[in-house]
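Undergrad: Requesting a structural model of the entry that follows:
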Amino acid sequence: MAHFAEINADNIVTRVLVVHNDVTDLDGVEDEQQGIDFLEDLLPGSGPWVQTSYNGAFRHNFAGSGMAYDPVGDAFYAQRPLDINEAVCESWALDENYIWQPPTPNPGEDWIYYWDENVGDWITPGDPPDHEGVLRHPADTHFLAGSAKYIWDTVLREWLPV
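TA: Model (predicted):
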């Protein structure tokens, strides 16, 4: 099956449709234009259409609704990510594979880190209340302090008693 992304005037993907291989086949070879012609005939006034690869074999990333298309680089990519405060990560840049990268790499996998655009760095959620003297694995999202038990709420971004 071939997948085609409809692109609006701002180069944003509005939808992705699937076209059977029988439609895109031209003399035994997949032909993108065959799929585009089929969709334009089926949906007059739609488009433009750009083929996208489910496994990323071309155009770098599989297109999804809301993603962007770079016609110069001929690539699909996600919108800029949001930080812990839901601010757009303006400091991040697209790499050669059209994946957003922070200005400094995530410090590691042994702790929970969140990007804070205002700080311009990775931050941790901090310790839960009454944590003195308690050892825990730093990647845990659960915390036991004496008889009190806490869980990290990723939406509220705070420790909540359980």
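
Undergrad: tell me how far the ends of stretch 10-29 are from each other?
TA: End-to-end distance of stretch 10-29 (CA to CA, to the nearest Å): 31 Å.

Undergrad: Return the set of buried residues in that stretch.
TA: Of the residues in stretch 10-29, 13, 16-17, 19, 23-24 count as buried by neighbour count, 16 or more other CB atoms under 10 Å. Placement of C-beta: from N, CA and C, glycine included.

Undergrad: Please pull out the lowest mean pLDDT helix or strand from the protein.
TA: Every helix and strand of the chain was ranked by mean pLDDT, DSSP states H and E. The lowest is strand 142-145, at a mean of 52.

Undergrad: Give the next helix or strand downstream of the longest helix along the chain.
TA: Counting by DSSP state H, the longest helix found in the chain is helix 32-42. Downstream of helix 32-42, the first helix or strand assigned by DSSP states H and E is strand 49-52.

Undergrad: could I get the buried residues of stretch 10-29 as JSON lines with pLDDT, distance to residue 1 and secondary structure?
TA: Converted to JSON lines, those look like this (pLDDT from 0 to 100; distance: CB to CB, whole Å; DSSP: H, G, I helix; E, B strand; the rest coil):
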{"residue": "13", "pLDDT": "97", "distance to residue 1": "18", "secondary structure": "strand"}
{"residue": "16", "pLDDT": "97", "distance to residue 1": "11", "secondary structure": "strand"}
{"residue": "17", "pLDDT": "96", "distance to residue 1": "10", "secondary structure": "strand"}
{"residue": "19", "pLDDT": "96", "distance to residue 1": "7", "secondary structure": "strand"}
{"residue": "23", "pLDDT": "93", "distance to residue 1": "10", "secondary structure": "helix"}
{"residue": "24", "pLDDT": "91", "distance to residue 1": "9", "secondary structure": "helix"}
